[in-house]
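[1] sequence first, then the predicted structure:
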Amino acid sequence: MANSVLYPVCMILGGAGAWIMGTSALKLGLVDRPNDRSSHAAPTPKGGGVGILTAFVVSSLALKIPASFLLSGTILALASLYGDRFAISPKFRLPVQFIAALVLLSPVLFSDSFASYDLPTTDHFPLTTAFSLLPLSVFVMGTANFYNFMDGINGIAGINGIAGITGIVAFGLLALSASLSGTDSSFVTLAICISLSCLGFLPFNMPKAKVFMGDVSSILLGFVFAGMVVWLAKSLLDFICLSAFLFPFYADELTTMYVRLRDGENLTRPHRRHLYQLLANEKGISHWKISVGYGLLQLVVGLSILLLRHFGSVMILFLLATYFGGFVGVSYCFRRRLGD
C-alpha cells in the first residue's frame, strides 16, 4: 500500500474508532464513570483508541513490520481492551506486559545489527545478552504504564487530549529523527501512521471529550513508542535522545512517584496528584490548554535534542537535566501553593 493511501487511511481509522466507540461503548459496558478522583463530571465512553490499534495493525502489515513487533503490541492492546471492560489486577496485567516486552525485544537484542551500543568512552557496551532483556523490558513496561497513567489511572480519566497530542508529537519526532539518520523507512512510515491515527482521534477528545482513549491504545502507544526507541537506537546516545521525545510524561510521572512515596502512598492505588491533574482540578485550567502546554514542552525538548545531538552525550545529558530541574521546580512551586 502506497504511503499516499496509507497515511489518510490511518488518520481515518483513528477517527472512525473513536466515533464507533463513542456511539457504541455504552452498550458494550465500556464507560468511565466519574468518582471523587476523576477529572470529568459525566459518564464517558472509553475504548475509543480501537481505531489507533487498527491503524497500527494495518500499517504494520502493509509495511511488513517484524511479526514480533506487531504481535506483541496487538496482543497487549487486546488484553488492555479487556481491562477497559473488566477490572484486571496488576498481578495479571504486569506479567502479560512483561511477556509482551520479551517478545518485542528478543529479536532486536539478539540480531547482528544490534550487537552493541557504542559508548563515547569505550569501544562497545554489550547489549545482546540475556541480562539486557530485564532492564529494557522494564523500560518498555514502564513507558507503557507511564503513558497509561497520563491518560487515566485505573479508570480515572486524564486530561482531555493530553494522550492524543503527546502521541502526535512523540511519534512525529521519532519519524523525523529516524528519517534524518537514514533509518529503515518502514519504521519512519509506521511512526507517521501512528501519529496520524492520534490526529484522527483528537477531535473526539478535545476540547470536550466525547470518548476516552482507554487502555487499549494508551498502553499500546507507550509500548510501541518504547519498542521503537529500542529498535531504532544504534547507540546509547540514540537511546537517550529518542526516549527524551516523551520527556513530559517521564518528568511528571517520576516527580509524582517521588511525592507519593514520600507521603507513604501505595503506588498501585488511584490518585490525582500528577501536575497536570493539579492544574486542571485545583487550579481550574482548561484541559485543552494543559494538553497543548504539555505538547509544546514536548516539542521544544524534542527539537532541541535533535539540534544539539551532534555535540554528544554530555551536552544532551546536561540539557535533559536542565529541563528536568526546571520541571521539578515548577512542580514544587505549584504543589506548595496548592498544599499538595
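    Good, I have the coordinates. Computed from a predicted model, the values in this text were never measured in an experiment.

[2] after the helix or strand bottoming out on mean pLDDT in the chain comes which helix or strand?
    Least confident element among the helices and strands of the chain, by mean pLDDT, DSSP states H and E: strand 156-157 (a mean of 36). Sequence-wise, the next helix or strand downstream of strand 156-157 (DSSP states H and E) is helix 162-180.

[3] okay, that following helix in PDB with CA atoms only?
    Written as PDB, here are the backbone C-alpha positions of helix 162-180 (Å, rounded to 0.1, in the frame of the first residue of the first chain):
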ATOM      1  CA  ILE A 162      -3.100  15.000  26.500                       C
ATOM      2  CA  ALA A 163      -2.500  11.500  25.300                       C
ATOM      3  CA  GLY A 164      -3.600  12.300  21.700                       C
ATOM      4  CA  ILE A 165      -1.400  15.400  21.500                       C
ATOM      5  CA  THR A 166       1.600  13.600  23.000                       C
ATOM      6  CA  GLY A 167       1.100  10.700  20.600                       C
ATOM      7  CA  ILE A 168       1.200  13.100  17.600                       C
ATOM      8  CA  VAL A 169       4.300  14.800  18.800                       C
ATOM      9  CA  ALA A 170       6.200  11.800  20.100                       C
ATOM     10  CA  PHE A 171       5.800   9.600  17.000                       C
ATOM     11  CA  GLY A 172       6.200  12.600  14.800                       C
ATOM     12  CA  LEU A 173       9.600  13.300  16.400                       C
ATOM     13  CA  LEU A 174      10.500   9.600  16.100                       C
ATOM     14  CA  ALA A 175       9.700   9.700  12.400                       C
ATOM     15  CA  LEU A 176      11.800  12.900  11.900                       C
ATOM     16  CA  SER A 177      14.800  11.600  13.900                       C
ATOM     17  CA  ALA A 178      14.700   8.300  12.000                       C
ATOM     18  CA  SER A 179      14.400  10.000   8.700                       C
ATOM     19  CA  LEU A 180      17.300  12.300   9.400                       C
END
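
[4] mean confidence for that helix?
    Averaged across helix 162-180, the pLDDT comes to 90.

[5] for the chain, which segments count as helices?
    3-28, 50-63, 67-85, 90-109, 130-151, 162-180, 185-201, 215-232, 236-243, 247-262, 275-281, 287-308, 313-338 (DSSP state H).

[6] mind checking which of the ones you listed is nearest P207?
    helix 287-308 (4.2 Å; C-beta to C-beta). (C-beta placed from N, C-alpha, C; glycine too.)

[7] that older thread, do you know which of the helices of the chain lies nearest T44?
    It's helix 3-28; of the helices of the chain, that one is closest to T44 (C-beta to C-beta) at 8.7 Å.

[8] would you point out which residue is most central in this protein?
    What sits nearest the mean C-alpha location of the chain, by C-alpha atoms, centre = their mean, is G222, with 3.0 Å.

[9] quick check: it touching N145?
    Yes. Contact criterion C-beta atoms under 8 Å: G222 and N145 qualify, at 6.9 Å.

[10] mutual contacts of those two, please.
    Residues touching both G222 and N145 (C-beta atoms under 8 Å, 6 or more residues apart in numbering): there are none.

[11] what's the closest non-adjacent residue to P90?
    Here the nearest residue to P90 in space, its sequence neighbours aside, is T268; by C-beta to C-beta, 6 or more residues apart in numbering that works out to 5.7 Å.

[12] for E253, same thing?
    F146 (4.6 Å).

[13] which stretches of the stretch 51-200 of the chain aren't confidently modelled?
    Confidence mapping of the stretch 51-200 of the chain against pLDDT under 70 gives the ranges 108-131, 150-161, 184.

[14] contact partners for S243?
    Taking C-beta under 8 Å, 6+ apart, one finds F139, A226, V229, Y250 in contact with S243.

[15] between the two ends of stretch 83-95, what distance do you get?
    14 Å (C-alpha to C-alpha, to the nearest Å).
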